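Enquirer: Give me coordinates for this.
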Amino acid sequence: MLATAAGPVASTRHCRSFMLLALLVAALALTGCAGKSEGELASDALAAGLAAHTAGKIDEAAGDFRECLKHDSRNKFCYFNLGVIAQGQNNPAEAENDYRIALGIDPNFPSAIWNLALVRAGAGATAEAIDLWRHYLRLDAGAAGAHWNLALLLRATGKQGEGDAEMTLAHQLDPSLADPAGTGASAPSPSGSGAAGSPGASASP
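Expert: Numbering: from 1, shown residues only. Sure thing, here's the model as predicted:
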């Protein structure tokens, strides 16, 4: 009887020990988080988002990028990456908004300029898209794809001479970019920039 009665008492003590251990672990975890700066927490969330995006876990990546913005509301890479996700999900309005916010933080963010130019051209805003491509080329005059896209838009607005000059330059920089009007061959439009994580790691258009 005593042995039987002692069972629950021993069990209760173990439960209390486990509870204390769990509380200790939780306290240590909170202490670890509290020890990180907002910038470090933002960087961790951005890195997690990039890893998730690379692994094809798009919803998880979006959540990580939003978490990053809770700690760094002016992180241009997070806004840009959310724009990439929205653009990939055929949501140009949301993508445009995210790219514009990123450019509001850094007006010379090349990848955001590139992708916004594609979005605006797709929406029929040709004049703005032309301005965006020109802006991009002021930052990177050797970007063949930007010259190629600009050439097509200039021709579409009746500026044939300017368009031909841009197309010639694009082909000189990258011979694989054929002139659709000159040979009948169709060159693929350069795709938008992918997710970016740091000034040196942003995807090249």
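
Enquirer: Test my guess that A181 contacts A156.
Expert: No: in terms of C-beta atoms under 8 Å, A181 does not count as a neighbour of A156; the distance is 11.2 Å. In short, each C-beta sits where N, CA and C put it, glycine included.

Enquirer: tell me which element R155 falls in.
Expert: Secondary structure from DSSP states H and E places R155 in helix 144-156.

Enquirer: Give the rounded mean pLDDT of that helix.
Expert: Confidence for helix 144-156, expressed as mean pLDDT, is 95.

Enquirer: What are the contacting residues of the helix or strand following that helix?
Expert: Reading on from helix 144-156 to the C-terminus, the next helix or strand found by DSSP H and E is helix 160-173. Under the contact criterion C-beta atoms under 8 Å, 6 or more residues apart in numbering, helix 160-173 has outside partners 142-145, 147-148, 150-155, 177-179, 181-182.

Enquirer: Now the buried members of the residues you listed.
Expert: Applying a neighbour-count criterion of 16 or more other C-beta atoms under 10 Å, the buried members of the contacts of helix 160-173 are 143-145, 147-148, 150-155, 177-179.

Enquirer: Identify the residue nearest the geometric centre of the protein.
Expert: What sits nearest the mean C-alpha location of the chain, by C-alpha atoms, centre = their mean, is N81, with 1.7 Å.

Enquirer: residue ranges for the strands of the protein, please.
Expert: Using DSSP state E, the chain contains no strands.

Enquirer: Specify the residue ranges that define each domain of it.
Expert: Domain assignment for the chain, taken from automatic domain parsing, gives 37-106, 108-193.

Enquirer: which of those domains has the lowest average pLDDT?
Expert: domain 108-193 (a mean of 88).

Enquirer: L82: neighbour count?
Expert: The local packing of L82 (other C-beta atoms under 10 Å) involves 25 other residues.

Enquirer: Nearest spatial neighbour of it, chain-adjacent residues omitted?
Expert: When the adjacent residues along the chain are set aside, L82 lies closest to D98, with 4.6 Å between them (C-beta to C-beta, 6 or more residues apart in numbering).

Enquirer: how far away is the one you found from A52?
Expert: As for D98, its distance to A52 is 17 Å (criterion: C-beta to C-beta, to the nearest Å).

Enquirer: Which residue of the two possesses the greater neighbour count?
Expert: A side-by-side neighbour count of D98 and A52, using other C-beta under 10 Å, places D98 first with 25 against 19.

Enquirer: now that one: how far from S73?
Expert: Remark: distance between D98 and S73 (C-beta to C-beta) = 13 Å.

Enquirer: One more: A112?
Expert: According to C-beta to C-beta, A112 stands 17 Å off from S73.

Enquirer: try G39
Expert: Applying C-beta to C-beta, one obtains 12 Å for the distance of G39 from S73.

Enquirer: joint contacts of the two?
Expert: Looking at what touches both G39 and S73 (by C-beta under 8 Å, 6+ apart), there is no common residue.

Enquirer: Please name the residues that touch the closest residue to I130 other than its chain neighbours.
Expert: Nearest non-adjacent residue to I130, counting by C-beta to C-beta, 6+ apart: L153, 5.1 Å away. Contacts for L153 were tallied using C-beta under 8 Å, 6+ apart; they are A121, T126, A129, I130, W133, G163.
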